[in-house]
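**Student:** Give me a model of this one.
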Amino acid sequence: MAMLRDGHTRILIADAVGLGKTIQAGLIVRQLSTEQELFRALIVAPASLREQWAAELNARFDLQANVVTASWLAHAIRELPPGVSPWALPGIYICSFEFLRQPEVLRPLEDTAWDLLVVDEAHAATIGSARRSAVNAVALRSRRIVLLTATPHAGDDDEFRALCRIGGSEIRPDRIVLFRRSRGDVGIPHRRRTVLLPVTLSESERLTHRLIERYASDLCHESRARGDSRARLLAIVLRKRALSSVSALALSCRKRLAVLETEGQHEIEEQLSLPLDDDEVLREDDSPESILAVAGLADVASERRWLKAILEAAEAAAIRESKLERLKRLLVKIQEPAIVFTEYRDTLLRLYDHLRLAHSSIAVLHGGMTASERSAVQQQFNEGGSLLLATDAAAEGLNLQHRCRLVIHFEWPWSPARLEQRTGRVDRIGQTQVVHEIMLVASDTAERLVLAPLIQRAARAGALTQSGGRLLDRLSESHVASAILEGTSIDVAPLSLEAETVSAPVGLVRGAQDEATRIGQLRTWMQDAGRGLSQGRGIPVAAIGSRRGGLRPGVVRAYTLTLLAESGAAIHTELVVVHEGQKVGCLKTPADVRLAIRALGLLDDAPEGPLRLFEERVQEVSASCARAAASLVGREKVVSGPIVSSAQQLVQRGLFDRRLESASDSRARSRDAAIEEARHRARALDGWSRTTVRLKLYAVLLVAESAR
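**Tutor:** As a prediction, the model looks like this:
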């Protein structure tokens, strides 16, 4: 309603996890696709969610969408005439962030005007990333933009500002409209129990943690002295690996030692990826190879000694890890479906090796799997799995609430908002049981000394379940890292969203309630209208008894109310109903219905009379159309305005230069066509402020005093 009734062109839906952001976006897609004949929409989502988006649109909204991969794009190009972009055809397209950011993919999208852009997990478009550049480039060519994320503000004000400015332009400055609702806001009671389960570490495990803490402290000290943050990043990674599992730490120490044994340290640079694969895999949960190759301590011999000591202690501790043993006992005691989350893939695979004998239907989800593989695992678990092991990289978009109510955090992510993302896989609309989340807390480590008090503080304040102002949402990974590495306190500033956003329009809640009531009434009035039809002048007439219909005896007339723009185009059509209470006798046969029609003169009314009954509604809709038209005219100036090609900025030097240069004429023609289209749309939208009304009788329902 904010977008279509009040004319807002940029919306950020930041509702809590599991409250149906996908459904809300789907409603907008469905409505716009119905209103516009040549509708074109782009949905950008993590690779793991592409197929799920397509399935949701098909099952819930009867919409067919194209899941765009490299093979789909190549096939479309072969089938189309030369010079025709596959993106230019009407339709709904779904692609991943990683696919969109490829320069060869992005370039034609910059020349295409979109009626709607939906960005799922929009927080992934971070500052300075190719993802953000690509998404913003398409947003500047989109007439309407919907951003979806449960974690809009993770403690970094700059990131939040950048998120809110996606698609914003100086040509038409505006602030994005923010919807940020908790379960309580939408009337869903809190039914979650959080348990911190302490785990006592062995002597060898405690020794490992003490050694890695001292080594990390030295790295941070030298990092500050050199003014080089890379050594501090190495310290963060090794501390996180140690808290994940001592076996994961041992693996990283061996790799770090191998780097130090070579002549010099060679940092690994990320190369430009091209759209050559039909399916994409995630890498965020893999071992951080490039970070292990950065410069560390100036005294390389001393660093080797540190690493060898840590490795020796970690290998001894890995023989029998206390957390793993505690997890085994817990799962035996629980005896119901459960999800165990961990951050790193190698930790997940170690859990799998130790648990698979005791759990015949165990499944794993991690970032090294393709989207189709992850979808198959989700289906397998929902159909009868007993245990699912998953990393954060593979957790987005999972819907497991019908199978499971228990989430176990094997270790804690340093980005606290991920905890809510994890538990949100089961604590979402459709869950009928109390949700339990269990956090394994290693004694005498940062988990016990830093993270556990933070979680307890948030839980006491009710912050774990409240979307607005949630404490954990305001903590970035850098906050937590500083507290763990440097012993600083976690001081969280009050969350302020007003600078970049505007709240939902005044009166929207009441308007939505009225609209829901109106739709409910229409459903009640028309649910039996298909029974016992009798035709009169082409208008269907039905009859029901008052007991069965739940209505007072009388006549129900349904009209189509249409607003026509100056050009004659229909810009709004809805079904309106008048219920006139009067005596309608017993109707036993179709002949009785025909006699009642003639006696009551049901089909003789001129529309001018009933039209007066809807004057208030007509005024309301006319004002709404005028607001939306004015907003869209302003947005057309943005869509047709000049932009600097993000595709050209993202491309590696010399790789596609010739193609980009040779395409300049084509781009100029595309821009001219876009400008002309914008002018045509603006002229058409201007006519929305001068409307005429058409009322046409659609159907009649006779409510008799007793059933036929």
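**Student:** How is the protein divided into domains?
**Tutor:** 10-181, 192-266+282-486, 512-625+691-704 (automatic domain parsing).
**Student:** And these: which comes nearest Ala678?
**Tutor:** domain 10-181 (7.7 Å; CB to CB). C-beta here means a position set from N, CA and C on the backbone, and glycine is covered the same way.
**Student:** Now do the end-to-end distance for that closest one.
**Tutor:** 17 Å (CA to CA, to the nearest Å).
**Student:** Excluding sequence neighbours, find me the nearest residue to the spatially most central residue of the chain.
**Tutor:** Nearest to the geometric centre of the chain sits Asp120, at 3.3 Å (CA atoms, centre = their mean). Among residues not flanking Asp120 along the chain, Ala45 sits closest, at 3.9 Å (CB to CB, 6 or more residues apart in numbering).
**Student:** hang on, Ser645 packs against Leu109?
**Tutor:** No. Ser645 is beyond contact range of Leu109, at 10.7 Å (criterion: CB atoms under 8 Å).
**Student:** Buried residues, stretch 558-573. List them.
**Tutor:** For stretch 558-573, burial by neighbour count (16 or more other CB atoms under 10 Å) applies to Ala558, Tyr559, Leu561, Thr562, Leu563, Leu564, Ala565, Ile571, His572.
**Student:** can you tell me the helix or strand for the third one?
**Tutor:** If I follow you right, that is Leu561. strand 554-564 (DSSP states H and E).
**Student:** Relative to the helix or strand following that strand, what are the paired strands and their orientations?
**Tutor:** Later in the chain than strand 554-564, the nearest helix or strand by DSSP H and E is strand 570-581. If you go by DSSP bridges, strand 570-581 pairs up with strand 554-564 (antiparallel).
**Student:** Put the alpha carbons of the partner strand into CSV.
**Tutor:** Coordinates of each C-alpha in strand 554-564 appear next as CSV, following Å, rounded to 0.1, in the frame of the first residue of the first chain:
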residue,chain,number,x,y,z
GLY,A,554,-31.6,-9.0,0.6
VAL,A,555,-29.8,-8.2,-2.6
VAL,A,556,-26.0,-8.0,-3.0
ARG,A,557,-24.8,-6.2,-6.2
ALA,A,558,-21.2,-6.4,-7.2
TYR,A,559,-19.9,-3.7,-9.5
THR,A,560,-16.5,-3.2,-11.2
LEU,A,561,-15.4,0.3,-10.4
THR,A,562,-12.8,1.6,-12.9
LEU,A,563,-10.9,4.9,-13.0
LEU,A,564,-9.9,6.0,-16.5
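**Student:** so where do the strands sit in the stretch 501-650 of the chain?
**Tutor:** 501-503, 534-536, 539-545, 554-564, 570-581 (DSSP state E, counting those that start in this stretch).
**Student:** looking at the ones you listed, which is closest to Val186?
**Tutor:** From those, taking CB to CB, the stretch that ends up closest is strand 501-503, at 16.2 Å.
**Student:** What are the contacting residues of the closest one?
**Tutor:** Leu12, Cys164, Arg175, Ile176, Val177, Leu178 (CB atoms under 8 Å, 6 or more residues apart in numbering).
**Student:** What's opposite the fifth one in the beta bridge?
**Tutor:** According to DSSP bridges, the residues that bridge with Val177 are Ile11, Val502.
**Student:** just use 25 as the starting number from now, easier for me
**Tutor:** That works, and once the first residue is 25, the last one we named lands at Val201.
**Student:** Return the member of the buried residues of stretch 582-597 nearest to Ile151.
**Tutor:** Closest to Ile151, out of all of the buried residues of stretch 582-597 and judged by CB to CB, is Ile595, at 39.2 Å.
**Student:** low pLDDT regions in the stretch 425-574 of the chain?
**Tutor:** Flagging of the stretch 425-574 of the chain using pLDDT under 70 yields the residue ranges 478-503, 511-524, 530, 549-561, 570-573.
**Student:** so where do the helices sit in the stretch 175-324 of the chain?
**Tutor:** With helices called from DSSP state H, counting those that start in this stretch, the stretch 175-324 of the chain shows them at 181-188, 227-250, 254-268, 270-285, 324-341.
**Student:** Now do the strand holding Leu585 against strand 563-569, angle only.
**Tutor:** 150 degrees (axes from the mean of the first three to the mean of the last three CA atoms, to 10 degrees).
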